[in-house]
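Only the shape, not the letters, is given here:
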């Protein structure tokens, strides 16, 4: 069974440029998560989707970040414009549902460097 | 707000049992203890979780003290591939509870 797929794995951009990350969750998983992980820190949740509905986006900086999951399957996270402080690893995870007993499966992440 | 306290780093000899402690003195009755690990350049990987009874699976054992204020993750025969950052996370029963990662313990397995 394929795991969570993310692309690209690495992205280098200049500040003020836009950037987008793509995630394909495990087949059949209704819940999708985007996390950001700064160097030396644990991942922090940005947004959680239940099917195509964003049910927790309280930590998403809405002035420059946006996300979508149009058909309830794959998802895109966008930053526009990027700032130096956005350099981090962006992780996508999925689970069957949001129940606490459901294991979250993580993708390998996209490492973003903003110059 | 961090609900857990872990040592920043530990070493363990290959083949020995690795015992990773976690303090969660403010845990409430409806919160579980979860463990994830993150190998370099990979996403976090689920290891095990428990409420109050000790748990064991193919990866590890989880020992939770009777007062539930601390726990220990045990990797019975550590290999070099177990080198990773290990996160202890307290999470509630309800579906909207998110995983809140701290800074974890960096475990290095020494050949």
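Thanks, I have the structure now. In this text, all values refer to a predicted model and were calculated from it rather than measured experimentally.

Give me the pLDDT value at the closest residue in space to residue B:93 that isn't next to it in sequence.
Ranked by Cβ to Cβ, 6 or more residues apart in numbering or on different chains and with sequence neighbours excluded, the top spatial neighbour of residue B:93 is residue B:30, at 4.8 Å. (C-beta placed from N, C-alpha, C; glycine too.) Looking at residue B:30, its pLDDT reads 85.

cool, residue A:1 as well?
Note for residue A:1: predicted pLDDT of 65.

Show the contacting residues for residue B:106.
Shown in contact with residue B:106 (Cβ atoms under 8 Å, 6 or more residues apart in numbering or on different chains): B:8-10, B:84-86.

try 6 Å this time
Contacts for residue B:106 (Cβ atoms under 6 Å, 6 or more residues apart in numbering or on different chains) come out as B:9, B:85.

ok, what's across the strand from it?
Assessed by DSSP bridges, residue B:106 has beta-bridge partners residue B:9, residue B:85.

For the residue nearest to residue B:93, give its distance to residue B:4.
For residue B:30, the distance to residue B:4 equals 16 Å [Cβ to Cβ, to the nearest Å].

higher neighbour count, those two?
The neighbour count for residue B:30 versus residue B:4, taken as other Cβ atoms under 10 Å in any protein chain shown, is higher for residue B:4 (23 against 12).

Check the gap between the residue nearest to residue B:93 and residue B:52 for me.
Separation of residue B:30 from residue B:52 (Cβ to Cβ): 11 Å.
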